[in-house]
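**Q** Got a predicted structure here, sequence first:
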Amino acid sequence: MELKIGVIGTGAIGQDHIRRFTNKVKGAKVVAVTDIHVERAEQIAQEVGAKFVKTGEELISLPEVDAVVVTSWDPTHEQYVLEAINHNKYVFCEKPLSVETEGCKRIVDAEVKLGKRLVQVGFMRRYDRGYMELKEIIDSGKLGEVLMLHCAHRNVSSGENYDTLMAIVNSAVHEIDVLRWLLNEDYVAAQVIMPKKTSNTHEKLHDPQVLILETESGIHIDVEIFVNCKYGYDIKCEVVCEDGVVSLSNPSYSSIRTAGKDFTGIPIDWEQRFEAAYEQELQLWVDSVTADEMNGPTAWDGYVASVTTTAGTEARETGKRVEIKIDKCPDLYK
Ligand SMILES: NC(=O)c1ccc[n+]([C@@H]2O[C@H](COP(=O)([O-])OP(=O)(O)OC[C@H]3O[C@@H](n4cnc5c(N)ncnc54)[C@H](O)[C@@H]3O)[C@@H](O)[C@H]2O)c1
Ligand SMILES: O[C@H]1[C@H](O)[C@@H](O)[C@H](O)[C@@H](O)[C@H]1O
């Protein structure tokens with residue numbers, strides 16, 4: 001039996017996910033879509049044989065929709081996730097779970113009240129083979145205790161709407177989630193350093209920025225966020241341990257050597273870099289919904305990410321080290 005999915009938001013990643021559900025993921029079918037950009041959504045609905053409905057609320061209430069995917073703009077996520085929980089339906093929500101920590105908390109509270117986990121947040125890096133290998137090596141203890149992580153999140157360019165705030169809230173949020181998962185520890189403090197600004201940015205965006213995080217056991221993490229680096233989509237993560245260093249490498253299957261140089265490709269955007277991770281993320285989500293048991297990134301992970309990005313924002317605005325205070329984790333998420 002196929003899982004019948006309704007998608008809210010048929011923009012860039014919404015279309016990518018619809019394509020994955022239609023062509024790659026097994027056991028699922030998109031049966032309904034909605035977007036405020038009606039014409040495009042109607043066309044996509046027609047292409048995949050789905051129904052177009054006018055609103056997210058209507059889509060969630062359709063009896064033929066078993067599970068919901070939220071890929072609309074950030075400020076709309078919370079309302080649709082809460083609505084799906086009200087209808088007792090599983091919901092996959094792209095990051096961020098809510099634009100406010102209080103909003104994430106409302107979602108956590110709704111799940112706790114229901115006594116069941118229905119939400120998965122789109123932190124796809126946990127499904128990337130590179131990060132999974134790093135985790136395996138760290139967990140094996142072969143390299144001893146982890147001491148420091150040096151990371152970079154570099155995008156080729158950012159749009160005019162991407163501003164200073166978004167470097168942490170929209171981009172580094174991926175590192176915030178995946179590094180916490182990698183280390184199995186929460187963060188206790190954040191600081192932000194604002195280096196010299198690139199000339200390839202605009203007035204509203206200070207680029208690059210460096211986010212510094214400390215974990216419970218004292219591990220130091222630095223994340224360079226440079227979203228107008230010009231040359232490629234480059235995600236770096238070097239884990240320095242007591243007995244060695246393990247690093248992420250970009251997936252690459254060939255290289256060219258000529259004229260005394262060695263050329264290796266670099267992905268151009270996140271879709272290319274994390275294509276396999278997105279596919280695996282959605283396949284495992286469909287499998288877990290079908291088995292009636294969530295096992296991906298939870299609403300609690302979405303809440304912790306939000307607490308951390310908020311502390312990062314405060315650290316940037318004040319120039320100070322800001323403590324990260326996370327509520328007690330409810331039993332539902334342990
Ligand atoms: N995991 C990742 O790597 C990743 C990558 C890209 C985007 N995202 C997240 O996915 C979301 C969408 O990003 P995008 O790049 O596809 O943006 P986008 O602007 O291309 O698409 C968003 C779509 O949502 C629609 N929309 C907005 N409000 C709506 C509403 N109330 N009801 C129905 N449709 C509505 C817009 O018309 C638009 O078509 C964002 O929250 C973003 O943070 C995650
Ligand atoms: O920096 C970008 C990230 O690398 C992507 O994975 C998306 O999340 C996108 O929204 C961010 O702007």
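**A** Nice, thanks for sending it over. As the structure is a prediction and not an experimental result, all values here were calculated from the model. Ligands and ions are numbered 1, 2, ... in the order given.

**Q** Not counting sequence-adjacent ones, nearest residue to whichever residue of the stretch 201-334 of the chain sits closest to ligand 2?
**A** The minimum distance from the stretch 201-334 of the chain to ligand 2, using C-beta to the nearest ligand atom, falls at W270 (3.7 Å). Placement of C-beta: from N, CA and C, glycine included. Distances taken as C-beta to C-beta, 6 or more residues apart in numbering place Y233 nearest to W270, at 5.9 Å, with adjacent residues excluded.

**Q** OK, contacts around the one you found?
**A** 154-156, 266-270, 272-273 (C-beta atoms under 8 Å, 6 or more residues apart in numbering).

**Q** Which ones among the residues you listed lie within helices?
**A** 270, 272-273 (DSSP state H).

**Q** Against the centre of the chain, work out the most remote residue.
**A** Computed with C-alpha atoms, centre = their mean, the residue of the chain farthest from its C-alpha average is A259, at 40.1 Å.

**Q** coming back round to it: please check the ones in helices among the contacts of Y233 and keep the buried ones.
**A** The neighbour count (16 or more other C-beta atoms under 10 Å) marks 270, 273 as buried among the ones in helices among the contacts of Y233.

**Q** Let me have the ones in helices among the contacts of Y233 in TSV, adding pLDDT and distance to ligand 1 as columns.
**A** Formatted as TSV, the ones in helices among the contacts of Y233 follow (pLDDT from 0 to 100; distance: C-beta to the nearest ligand atom, whole Å):
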residue	pLDDT	distance to ligand 1
W270	95	5
Q272	95	12
R273	97	9
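
**Q** Let me have the ones in helices among the contacts of Y233 in a markdown table, adding distance to L205 as columns.
**A** Formatted as a markdown table, the ones in helices among the contacts of Y233 follow (distance: C-beta to C-beta, whole Å):
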| residue | distance to L205 |
| --- | --- |
| W270 | 18 |
| Q272 | 23 |
| R273 | 22 |
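
**Q** secondary structure class for the residue lying closest to T215 once chain neighbours are set aside?
**A** Spatially, and ignoring its direct neighbours in sequence, T215 is nearest to E185 (4.4 Å; C-beta to C-beta, 6+ apart). Under DSSP: H, G, I helix; E, B strand; the rest coil, E185 falls in the coil class.

**Q** What residues sit buried inside stretch 54-70?
**A** 56, 59-62, 65-70.

**Q** So for it, mean pLDDT?
**A** Summarised as a single mean, pLDDT over stretch 54-70 is 98.

**Q** End to end on that stretch, go ahead and measure it.
**A** End-to-end span of stretch 54-70 (C-alpha to C-alpha, to the nearest Å): 15 Å.

**Q** Which of the buried residues of stretch 54-70 fall within helices?
**A** If you go by DSSP H, the buried residues of stretch 54-70 have 56, 59-61 in helices.

**Q** right, and out of those residues, which lies closest to ligand 2?
**A** Among these, G56 lies closest to ligand 2 (C-beta to the nearest ligand atom), at 20.0 Å.

**Q** wait, what's in contact with S247?
**A** Applying C-beta under 8 Å, 6+ apart, the residues contacting S247 are 236-239.

**Q** now these: which count as buried?
**A** Using 16+ other C-beta under 10 Å, the buried members of the contacts of S247 are 236-237, 239.

**Q** Secondary structure element holding A84?
**A** In this structure, A84 sits in helix 77-86 according to DSSP states H and E.
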